[in-house]
Each structure stands twice: as structure tokens, then as C-alpha cells.
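Trainee: What follows is a protein structure lacking sequence information:
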């Protein structure tokens, strides 16, 4: 390996301790010492247990990019990974700003990230590209999703026309047909080098907390894999991705809900099932060819637990 030491900067990686540890372990397998840095607003976040916290600026700060470019230089950052929705746009801008600096940022271009950050833009894109979304808004209940919302925050169920008419700031919501059924998360890795899909792993979200899966199980179903492949190929997105789909419990129709062009919160389920996206990403950094992997474990259960860490603060 050219780089015996590798520095990875997480953008908002606060709770992603297990994923950071997986990167460190994969580095050891390759004979590389991986150092984790995370750009945060608070020094006391869980990822401080395995990495160095860099106190950063808010995403809308006018000095954000100058600060990040300075960190890239001073910390000799090799790879940058976003872990929050808006951080994907920040990473995409950084990708353009660091051209020629030999910094690997496995995200899509800014325009694509902007589309999928905004639920209205994404819904319009889906309709134009023949991707099935819950578009029938003539029958109640409906669902109102904040266009920049994440982790199910701020979602409203509208039971009647008066509720829809009384919805404040309606332009800030995507209004869709309410679909009752099973939700799926699909963990995907697309190589930024040649835009080839390397893995597609559907999961059933068995239990969530704060909009994030705390219990999930892999599901090797071709109808989910094929539907996801169609979406991915049309989007042109690269890097780690997470799709959300829903299957109508009555009609069995499958709908696209959203896509996050970054690692999902419960991606460790897919990783430890055998779709080792940290290894794929490191291979891409070192220009080692990845090939499509469908040899991951079906019905592989992940249960998250909480653990505590203590320190004296003076």
C-alpha cells in the first residue's frame, strides 16, 4: 500500500462508533493504520472513543469550506465521508474544491445530492423517471413530510381535507398518499471509480427509535433487489447509499420513499452479513477492483444495544 497511514474525516459521525471501528479493522487487514477524525459541534460525542474530534462550524457558516480545506491540509485527510443529510451536499462541494488534492470523497455530484436532499425535488424526479411513488392524493389519509426532514421527524398524517387546508407552511411539505405496509431499507454500494453496483442488501426495519433502525434483518428478495437496481441506475448516484421503500400491505405494490446518498444508520447489519462496504470503499481508494457481491447472509439479524462511557469533566 502506498499509504501505511490513512486519515478518514467523518462529517457529523457522532454516533458511528461501530462503523469507525470496522474501518479501522479493515485497515489492519490491509496493513494500514487508519485514523478517524470527526467534524462535530460538541467534543463529547461517542465517536471520541475511537477518533479525534474536530470542533467545526455549522453547515451554513460562511467560513465552513475554508475551515474544512484547512483541516484537510493540516490533518492530511485522505478520505471524507458524510453522515448527515446536508453533509452529503457539503461533501459534494468539497469534492469539487479538492480536485487535484488526492482526497477521496465517494459521493455524487452536488446537483444530484441537492435533488435527493429535497423530498419535493426527489418526488418530481421519480415521476419523470417512471419510479413508482405514492402519488394518489385524492383519497385520505395523506402523509405530509418536511421537504428537508430526516429520521421521521415532523411527519404528519392528514385525515381529512380540512386538516390539509389548515396545514401551516404547506410549501415546506411533500404531500403523498399514506401507504400502510412493510418498510424496507436497502444498503447499496456503487463504486465511484466505474459506477458499477457492488452490493444491494435489503433489510426489514423491525424496530426503530428516533427514526433509526435498532433492530433489522436482511432479506434476500429479488423483487426488492431489482427495484432498487432500477432506481440506482437511473439516479447515477455513487458511493454508499441507503434507499427506503414501502410495500402496500393490501395491494403489494412497492413504492420508492427516499434515498440518502451516504451510509445509513443501520448499515452494519448489511456489512456484517457479508456486504463489506468499508472494504469496498478502501479498495476504491487504493484502486483495487471490486466485483458485484451477492454472497451475503440472508435473514441475518442485527440488534442494537446501548453502552456507557464515563469521564470526569472539569
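Mentor: Received the coordinates, thanks. Here the structure is a predicted model, which means the values were calculated and not measured.
Trainee: can you give me the helices in the protein?
Mentor: Remark: helices assigned in the chain by DSSP state H are 17-29, 64-74, 85-97, 110-117, 119-128, 161-165, 222-235, 268-273, 277-285.
Trainee: what's the closest of the ones you listed to residue 260?
Mentor: Shortest distance between residue 260 and those, using CB to CB, is found for helix 85-97: 6.4 Å. For every residue, glycine as well, the C-beta is placed using N, CA and C.
Trainee: quick check: mean pLDDT across the closest one?
Mentor: Averaged over helix 85-97, pLDDT sits at 97.
Trainee: that older thread, indicate which one of the helices of the chain is closest to residue 10.
Mentor: Between residue 10 and these, the shortest gap by CB to CB is with helix 17-29, which sits at 7.1 Å.
Trainee: List the residue ranges of this structure that fall below the pLDDT cut-off.
Mentor: Within the chain, the ranges that satisfy pLDDT under 70 run 1-3, 151.
Trainee: Just give me the longest strand of it.
Mentor: strand 197-209 (DSSP state E).
Trainee: Redo the helices of the chain as a markdown table? Include mean neighbour count and distance to residue 250.
Mentor: What follows is those, written out as a markdown table (neighbours: other CB atoms under 10 Å; distance: least, CB to CB, whole Å):
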| stretch | mean neighbour count | distance to residue 250 |
| --- | --- | --- |
| helix 17-29 | 18 | 37 |
| helix 64-74 | 15 | 47 |
| helix 85-97 | 20 | 31 |
| helix 110-117 | 18 | 28 |
| helix 119-128 | 17 | 22 |
| helix 161-165 | 12 | 23 |
| helix 222-235 | 17 | 17 |
| helix 268-273 | 23 | 28 |
| helix 277-285 | 23 | 34 |
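Trainee: Could you export these to TSV, including columns for distance to residue 139?
Mentor: Shown next, in TSV, are the helices of the chain (distance: least, CB to CB, whole Å):
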stretch	distance to residue 139
helix 17-29	41
helix 64-74	44
helix 85-97	30
helix 110-117	27
helix 119-128	18
helix 161-165	11
helix 222-235	24
helix 268-273	35
helix 277-285	39
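Trainee: of all those helices, which lies closest to residue 172?
Mentor: Of all the helices of the chain, it is helix 119-128 that lies closest to residue 172, at 9.3 Å by CB to CB.
Trainee: starting at the chain centroid, how far to the closest one?
Mentor: 18 Å (CA atoms, centre = their mean, to the nearest Å).
Trainee: swap in stretch 306-314?
Mentor: The answer for stretch 306-314 is 28 Å, by CA atoms, centre = their mean.
Trainee: who are the neighbours in contact with the residue nearest the centre of the chain?
Mentor: Against the mean C-alpha coordinate of the chain, by CA atoms, centre = their mean, the closest residue is residue 262 at 3.0 Å. Applying CB atoms under 8 Å, 6 or more residues apart in numbering, one finds that residue 262 lies in contact with 81, 82, 83, 84, 85, 87, 88, 107, 239, 240, 241, 242.
Trainee: on that earlier part again, ok, and for the longest strand of the chain, which residues are buried?
Mentor: By 16 or more other CB atoms under 10 Å, the buried positions in strand 197-209 come out as 197, 198, 199, 200, 201, 202, 203, 204, 205, 208.
Trainee: neighbouring strands for it, and are they parallel or not?
Mentor: Paired with strand 197-209 in the same sheet, following DSSP bridges, are strand 181-190 (antiparallel), strand 212-218 (antiparallel).
Trainee: In the longest one, which residues are buried?
Mentor: In other words, strand 181-190. 181, 184, 185, 186, 187, 188, 189, 190.
Trainee: Tell me which residues are up against stretch 227-237.
Mentor: For stretch 227-237, contacts defined as CB under 8 Å, 6+ apart pick out 108, 112, 116, 129, 131, 186, 188, 190, 195, 197, 200, 202, 241, 243, 245, 254, 256, 259, 261.
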